[in-house]
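1. what follows is a predicted protein model with its sequence.
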Amino acid sequence: MSNQARDSTGAKPDRSPVTGHWSLATGHSSLVTGYWSLVTGYWSLVTGYWSLVTVLVQAT
């Protein structure tokens, strides 16, 4: 019989809560990064559009 630690049910301890936590943390980080990419991309689009409008207005 193995001498590894077992919980009260006799099963080996499950490390999935730890890996689940890290998956959640990295997923959250990816979500935040993706959100900021979306925000900065949108802001770039708005400023680019505004620059185009300004140039067209000055040309007339």
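-> Received the coordinates, thanks.
2. where in the chain is pLDDT low?
-> 1-14 (pLDDT under 70).
3. please, where are all the strands along it?
-> Along the chain, no segments are classed as strands by DSSP state E.
4. which residues in this structure form helices?
-> Applying DSSP state H to the chain gives helices spanning 16-59.
5. any idea how many residues pack against Thr47?
-> 10 (other Cβ atoms under 10 Å). For every residue, glycine as well, the C-beta is placed using N, CA and C.
6. residues touching it, list them.
-> By Cβ atoms under 8 Å, 6 or more residues apart in numbering, the contact set of Thr47 is empty.
7. how close does it get to Val53?
-> Distance, Thr47 to Val53, using Cβ to Cβ, to the nearest Å: 11 Å.
8. try Trp22
-> From Trp22 to Val53 the distance is 46 Å (Cβ to Cβ).
9. Ser37 too?
-> Where Val53 is concerned, Ser37 sits at a distance of 25 Å (Cβ to Cβ).
10. again, but for Val32
-> When Val32 is compared with Val53 (using Cβ to Cβ), they lie 32 Å apart.
11. likewise for His28?
-> 37 Å.
12. kindly report the same for Leu45.
-> From Leu45 to Val53 the distance is 13 Å (Cβ to Cβ).
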